[in-house]
Structure formats: structure tokens, C-alpha cells
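[1] output the structure for:
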Amino acid sequence: MATTKWESELTQSLSAQFGDKIVEFCSYLGQNFLIARPEAVVPITEWLKTEAGFDYLVDITAVDYPERPERFELIYILYSFSRNERIRIKTSVPDGYRPASATLVHPTANWLEREVFDMFGIEFEGHPDLRRILMPEEWQGHPLRKDYSILQQDQAWVRENLGIESAQ
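    Next up, the predicted model:
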């Protein structure tokens, strides 16, 4: 991915506030993002909300890179209605790391973090109700992990709840 350096008044303010907690400011095809250390993500989202008008948490998602030591990349997408601007915050975490929940800053993080937990198995520290949201509670595994083959789907659940043998 060919990125360019992102420089603006906002990046200068963020650098002054968070220093080395922000690793890099980049832009890709006009989409601005920053790469932050995991412990800084929630404070950055809070600062962006209160000081810069990024008042809407659009999404939280993840990407699985099983060959990397910091296996998962978490991506937070924020939007400012007043600025008509979107920003992404990216961070990388190893398997088993429990990033802080953003639910106290953005209540919408509740369901978004539940989805990331359900699909990738990432548990958010301090989340008020971390349980599955898309898959049935008794489902085994996390379907968007790259080590979770479609052939590994929960055969017992399919048999018990759908009354069929999987065609896998």
C-alpha cells in the first residue's frame, strides 16, 4: 500500500497531545489514518471526540495476520459531522492482548466490540457485556480468524440446530 505522510493542524495537535504514543500519520487515496500504540487508542478517541469534533464512532473492525507477532490489526473509524471528515485509528495487538474498551467514550462501541470479539476472539478489557452478537452463544470458534477454516465450522451446532449434516 503506497501511503503518503498526512500533515495538518489536526496531526500537529495530536502529536503535541500524545507524542510517541502515535507512531505515524498517513494518508491513502485521501483517507487519513494514524497508527497508535494500543494503550493510546481510547484516550485518542476521547480527545478526538471532545477536542476535535469527531463525535461518531462509525466502526471498529479487525484484520488477522497470523504470521505477525502482533497478529491483529484493530481499526477504529471516526467521523466528524461538523468537519465532514473521517479518520481511522489503527493499532496492532498480539493474540490474547485485551485492548481497552471504548464504551465509556462512545456507547456505540458496545456492539462493535462485541462483533470483533465474536468474529476474531479479541476480548476488550472493561467491556460491560462482552458476549456474542452474530453467532449463537454456543458456537465454537471465531469465524474471521485465518486459522478458522470454513471446514471447521461447528458441526455439532449445525447438526443440533439445523438438523442437517454440513456439506463441507
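[2] what segments of the protein are strands?
    4-5, 22-28, 31-36, 56-64, 72-80, 85-93 (DSSP state E).
[3] what about residue 20, how many neighbours?
    Counted with other Cβ atoms under 10 Å, the neighbours of residue 20 add up to 8. (C-beta placed from N, C-alpha, C; glycine too.)
[4] next, the contact list for residue 149, please.
    Applying Cβ atoms under 8 Å, 6 or more residues apart in numbering to residue 149 gives no contacts.
[5] give me the pLDDT value at it.
    Residue 149 carries a pLDDT value of 74.
[6] what does residue 29 give?
    For residue 29, pLDDT reads 94.
[7] just for the protein, where's the confidence low?
    For the chain, the stretches flagged by pLDDT under 70 are 1, 150-153, 166-168.
[8] dump the residue contacts of residue 154.
    Residue 154 neighbours (Cβ under 8 Å, 6+ apart): 139-141.
[9] residue 66 and residue 120, how far apart?
    The spacing between residue 66 and residue 120, counted by Cβ to Cβ, to the nearest Å, is 11 Å.
[10] how's this protein carved up into domains?
    4-134, 139-168 (automatic domain parsing).
[11] please identify the most buried of those domains.
    Among the domains of the chain, ranked by average contacts under mean count of other Cβ atoms under 10 Å, first place goes to domain 4-134 (a mean of 17).
[12] name all residues that make contact with residue 10.
    Per Cβ under 8 Å, 6+ apart, neighbours of residue 10: 52, 87.
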